[in-house]
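**Q** have a look; sequence and predicted model below, questions after that.
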Amino acid sequence: MSIRSTERIVHPLRPIVYPDSRVLILGSFPSVISRQKEFYYANPANRFWPVLEAVFGDSAADRTAFCQRHHLALWDVIASCRLHGSSDASITDVEVNPIAQLVQQVPVVCIATTGTKAARLYEEHFSLALPHLALPSTSSANARLRFEDLVQAYQILKSYAEED
């Protein structure tokens with residue numbers, strides 16, 4: 001690893017959240033490409049947006065508007081950490097985001113985490129009185145799951161997001 005990989009990286013993205021957000025989707029930490037493009041799940045190889053398009057039957061061409069239409073909030077568990085590239089496996093020295101404070105401000109009815117690292121860190125640092133959906137990673141690094149498997153796993157988000 002380079003000297004640079006030992007530097008602490010602070011999460012550069014603000015949460016995407018609306019007054020009527022019902023589902024908070026948490027990743028671990030933005031990838032290099034997401035940090036460069038300044039948006040969540042911005043790597044074109046990541047299947048997050050195509051999966052959500054399939055789940056909700058709607059275009060995510062405007063991703064912020066998509067989140068608002070479907071009552072989704074996006075953030076990450078980690079506020080700052082040390083890591084090498086985009087590898088969750090290399091993450092160390094974690095400081096978490098104030099997720100409990102965010103949840104108190106909007107009518108979130110469930111928390112969904114994308115990937116094993118996000119799920120583990122969420123469970124380690126938070127015990128909120130909300131359902132936690134530990135969903136599989138949509139990263140291209142998680143190639144063991146087919147697109148159809150991811151759509152099936154993420155389908156549960158729709159029921160929470162559109163609940164009356």
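**A** Arrived safely. Numbers count the residues shown, from 1 in each chain.

**Q** for this structure, which segments count as strands?
**A** Secondary structure of the chain by DSSP state E: the strands cover 8-10, 23-27, 72-76, 78-82, 92-96, 110-114, 132-135.

**Q** got the contact list for the lowest-mean-pLDDT helix or strand in the chain?
**A** When each helix and strand of the chain is scored by mean pLDDT, DSSP states H and E, strand 8-10 comes last, with a mean of 87. Contact partners of strand 8-10, identified using C-beta atoms under 8 Å, 6 or more residues apart in numbering, comprise 29, 35, 79, 80, 81, 82, 83, 93. (Glycine included, C-beta is placed from N, CA and C.)

**Q** please name the nearest non-neighbouring residue to the third one.
**A** Translated: residue 79. Computed as C-beta to C-beta, 6 or more residues apart in numbering, the closest residue to residue 79 that is not its neighbour in sequence is residue 97, at 4.4 Å.

**Q** tell me which residues touch that neighbour, please.
**A** 11, 15, 75, 76, 77, 78, 79.

**Q** sorry, back to before: just the buried ones among the contacts of strand 8-10, please.
**A** 29, 35, 81, 83 (16 or more other C-beta atoms under 10 Å).

**Q** if the third one is in a bridge, with which residues?
**A** Read it as residue 81. Note on residue 81: beta-bridge partners residue 9, judged by DSSP bridges.

**Q** setting aside sequence neighbours, what's the nearest residue to residue 132?
**A** Closest to residue 132 by C-beta to C-beta, 6+ apart is residue 111, at 5.1 Å.

**Q** quick one: the one you found from residue 138, how far?
**A** To residue 138, residue 111 is 17 Å away according to C-beta to C-beta, to the nearest Å.

**Q** return the most buried member of the strands of the chain.
**A** Highest mean neighbour count of the strands of the chain: strand 23-27, a mean of 26 (counted as mean count of other C-beta atoms under 10 Å).
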